[in-house]
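1. Everything below, folded, please.
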Amino acid sequence: MQNNVAAKTGWYIGIGAGVVLFVLLGLLAGPFLGSAMGMKIIKLLYGTMPVETLPKIILAVAMVMGLVVSAVIYVLGGGLLGLSIGYAMGAVKKRVTLSRKATVVAEGEMIQEKAPARTAGEAVSAGF
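-> Model (predicted):
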């Protein structure tokens with residue numbers, strides 16, 4: 001259970017970092033690369049950039065697609081990186097906890113669990 005909490009925390013931190021990186025870097029690069037892709041598509045279809053409306057719509061759609069792809073890459077990439085770091089941190093924490101328990105048992109110390117507290121009615125029925 002602790003491993004899942006660490007992974008979830010890493011996921012959220014990674015998504016936050018991905019959003020920040022997207023705002024700083026992806027807002028400019030995404031439409032730029034999308035427009036370059038749109039210009040290649042228009043060049044394949046028309047040869048040069050005509051004055052018609054359809055090539056301009058193709059270019060606008062390509063710019064928006066470049067922005068969306070950039071956002072997905074930054075946000076999901078950061079989230080997956082944070083998730084993997086969270087799983088690793090949870091596994092390390094779990095391993096350290098298990099090794100400490102094994103060390104305590106190996107040294108001969110007894111690990112005693114506390115008995116549950118009894119109410120007055122349970123103590124009377126048990127014969128105390």
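2. can you pull the contacts of the residue most central in space within the chain?
-> Per Cα atoms, centre = their mean, the C-alpha nearest to the average position across the chain is that of G79, at 2.3 Å. By Cβ atoms under 8 Å, 6 or more residues apart in numbering, the residues touching G79 are W11, G14, I15, G18. All C-beta spots, glycine's among them, are computed from the backbone N, C-alpha and C.
3. So which of those are in strands?
-> With strands defined by DSSP state E, no entry of the contacts of G79 lies inside them.
4. Give me the subset of the residues you listed lying in helices.
-> Counting by DSSP state H, the contacts of G79 place W11, G14, I15, G18 in helices.
5. Can you say which of those residues are buried?
-> For these, a burial check counting by 16 or more other Cβ atoms under 10 Å picks out W11, G14, I15, G18.
6. quick one: least confident of the residues you listed?
-> Ranked by pLDDT, these bottom out at W11, which scores 89.
7. I'd say it and I85 touch.
-> No: W11 lies out of contact with I85 (Cβ atoms under 8 Å); the separation is 9.5 Å.
8. Quick check, pLDDT for the residue nearest to S70 when sequence neighbours are not counted.
-> Closest residue in space to S70, ignoring its immediate chain neighbours: G30 at 3.0 Å, by Cβ to Cβ, 6 or more residues apart in numbering. For G30, the pLDDT comes out at 92.
9. quick one on the thing from earlier: now the buried ones among the ones in helices among the contacts of G79 as TSV including distance to V5?
-> Listed next are those as TSV, based on distance: Cβ to Cβ, whole Å:
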residue	distance to V5
W11	11
G14	15
I15	16
G18	20
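10. of these, closest to T48?
-> Ranked by distance to T48 (Cβ to Cβ), those are led by G18 at 38.3 Å.
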